[in-house]
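Visitor: requesting a structural model of the entry that follows:
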Amino acid sequence: MSIGATQPFRAAGTATLAAGTASANVALAGAGEAVLVFNASTAIAFVRFGMDASITASAADTPVPAGGRLLLHVGDYARTAAAVLAAGGGSVFFTRGEGTIY
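Guide: Below you'll find the predicted structure:
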């Protein structure tokens with residue numbers, strides 16, 4: 001892909017995390033360097049990626065607004081996603097794949 005080129009996101013697998021006010025994590029499904037995060041909860045979700053199940057998220061991590069989505073380049077080595085909500089509980093979906101735009 002040339003510099004500045006855009007490629008549509010191609011999903012490879014989705015992992016669902018039941019998130020709350022305490023950090024939780026989930027193994028990512030599929031393969032690819034990008035992850036589309038969809039926050040289906042009614043509160044801000046803070047997300048973080050790591051290589052194993054020891055990863056935790058905090059309010060200092062990347063925010064995803066309630067009902068919002070964010071496409072992130074996490075690289076091939078990210079195997080786990082963690083999230084914590086600012087309040088309440090809800091689902092956060094992590095869809096792994098390839099591409100630069102959604």
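Visitor: centroid-nearest residue for the chain?
Guide: Closest to where the C-alpha atoms of the chain average out (Cα atoms, centre = their mean) is V37, at 3.9 Å.
Visitor: contacting residues around that one?
Guide: Counting by Cβ atoms under 8 Å, 6 or more residues apart in numbering, V37 touches A45, V47, V64, R69, L70, L71, L72, A81, V92, F93, F94, T95. In this view, the C-beta of every residue, glycine as well, is placed from N, C-alpha and C.
Visitor: next, count neighbours for the fifth one.
Guide: Here the neighbour count serves as a burial measure; for L70 (other Cβ atoms under 10 Å) it reads 16.
Visitor: filter the contacts of V37 down to the ones in strands?
Guide: A45, V47, V64, R69, L70, L71, L72, A81, V92, F93, F94, T95 (DSSP state E).
Visitor: closest to A11 among the contacts of V37?
Guide: T95 (5.0 Å; Cβ to Cβ).
Visitor: do you know the pLDDT at that closest one?
Guide: Among the per-residue scores, T95 holds a pLDDT of 98.
Visitor: what's the answer for G4, then?
Guide: pLDDT, G4: 71.
Visitor: neighbours of it, how many?
Guide: Neighbours of G4 (other Cβ under 10 Å): 6.
Visitor: could you export stretch 61-71 as PDB, CA atoms only?
Guide: Extracted C-alpha coordinates of stretch 61-71, given in PDB (Å, rounded to 0.1, in the frame of the first residue of the first chain):
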ATOM      1  CA  ASP A  61      -6.200   5.000  28.400                       C
ATOM      2  CA  THR A  62      -7.800   5.700  25.000                       C
ATOM      3  CA  PRO A  63     -11.400   6.900  25.400                       C
ATOM      4  CA  VAL A  64     -14.200   5.700  23.200                       C
ATOM      5  CA  PRO A  65     -17.500   7.700  23.600                       C
ATOM      6  CA  ALA A  66     -20.700   6.000  24.500                       C
ATOM      7  CA  GLY A  67     -22.300   4.600  21.300                       C
ATOM      8  CA  GLY A  68     -19.100   5.500  19.500                       C
ATOM      9  CA  ARG A  69     -16.600   3.600  17.400                       C
ATOM     10  CA  LEU A  70     -12.800   4.000  16.900                       C
ATOM     11  CA  LEU A  71     -10.500   2.300  14.400                       C
END
